[in-house]
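Participant: predicted structure and sequence below. I'll ask about it afterward.
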Amino acid sequence: MAKETISVNIDPKEIEKFESLAQRWWDPNSEFRTLHHINPTRLNYINDKANLKNKTVIDIGCGGGILTQSMAELGAKATGLDPAKASITVAKLHALETGMDKHVRYIQDDPDEFAKNQSEKFDIVTALEILEHVPDYAQLVKTIAHIVKPGGKIFFSTINRHPKAYLLAILGAEYLMNILPRGTHEFQKFIKPSELSKAIREAGLIMKELVGFSYNPLTGRSGLSESVDVNYLIFAEKPN
């Protein structure tokens, strides 16, 4: 039986954007400090829903490995996947420096190509803050459905295409407070929850929960929220 053909779904400009910042991934005071601040909330949510211990998990668009290594530290057999070579190099180096190199692996590859060339399936797939950086997020959702085991759990997080998100995530974060580099996000690439929910259903996955995500850049505190106007998380499953 011939392998399913899965198209490449990467944006070279997006890769270049994160390649240029790669060496600062693990600096908690760098452009990535927001990811360091929100990581505990995201990690706890995933662990509460899926119990990471001894589970095989792949983190799509892992960057420098902030979430990937955190999941490994909770006992997951973690894989980080990212097309940016510099980010993967930094992730591997940090794992080596912290003694986690035997518990987490990093692969430089495009998710579609990885899915096409690998037969491995995972208990858990995470795709956090990556959907708004690819040309076709619905295609990436299908790719994720391809690599998760039946009964496996999937976690997405992204930004809503809502006026409030433009004010906070772009004008506020990138231009007023300089929390993120200018040009990190493009409003037209933000995804409404209804659009992502539709892509999840069309990929044959079952949506289990939609929850908002809040972050206060002044205090560095984050948490779950009822509002999905800006950031939100979706928990989904693949039918058995």
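Facilitator: Perfect, thanks for sending it. All figures in this text were calculated on a predicted structure; none of them were measured in a lab.
Participant: who are the contact partners of Gly80?
Facilitator: When contacts are counted by C-beta atoms under 8 Å, 6 or more residues apart in numbering, Gly80 touches Ile58, Asp59, Cys62, Gly65, Thr68, Gln69, Ile88, Ala91, Val104, Arg105, Tyr106, Ile107. In short, each C-beta sits where N, CA and C put it, glycine included.
Participant: name the SS class of the spatially closest residue to it that is not a sequence neighbour, please.
Facilitator: Spatial nearest neighbour of Gly80, chain neighbours left out: Cys62 (3.2 Å); criterion: C-beta to C-beta, 6 or more residues apart in numbering. Put simply, Cys62 is coil when judged by DSSP: H, G, I helix; E, B strand; the rest coil.
Participant: neighbours of Cys62, how many?
Facilitator: Residues lying near Cys62 (other C-beta atoms under 10 Å) number 29.
Participant: neighbours of His94, how many?
Facilitator: Counted with other C-beta under 10 Å, the neighbours of His94 add up to 19.
Participant: just the element for it, please.
Facilitator: Per DSSP states H and E: His94 is located in helix 85-97.
Participant: same question for Asp59.
Facilitator: If you go by DSSP H and E, Asp59 is part of strand 56-60.
Participant: by contact count, what packs against that strand?
Facilitator: With contacts taken as 3 or more C-beta pairs under 8 Å, 6 or more residues apart in numbering; DSSP states H and E, strand 56-60 sits against helix 66-73, strand 77-82, strand 122-128, helix 137-147.
Participant: turn these into CSV, including distance to Leu233 and mean pLDDT.
Facilitator: CSV is the format used below for those (distance: least, C-beta to C-beta, whole Å; pLDDT from 0 to 100):
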stretch, distance to Leu233, mean pLDDT
helix 66-73, 12, 98
strand 77-82, 19, 98
strand 122-128, 8, 98
helix 137-147, 15, 97
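Participant: could I get those in a markdown table, plus columns for distance to Asn231?
Facilitator: A markdown table is the format used below for these (distance: least, C-beta to C-beta, whole Å):
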| stretch | distance to Asn231 |
| --- | --- |
| helix 66-73 | 15 |
| strand 77-82 | 21 |
| strand 122-128 | 10 |
| helix 137-147 | 15 |
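Participant: among these, which is nearest Ile15?
Facilitator: Ile15 sits nearest to strand 77-82 of all the helices and strands packed on strand 56-60, at 8.8 Å, using C-beta to C-beta.
Participant: this structure: helices as residue ranges?
Facilitator: All helices of the chain, identified by DSSP state H, fall at 12-19, 33-50, 66-73, 85-97, 111-117, 137-147, 163-165, 193-202.
Participant: check these for me and report the most buried one.
Facilitator: Highest mean neighbour count of these: helix 66-73, a mean of 24 (counted as mean count of other C-beta atoms under 10 Å).
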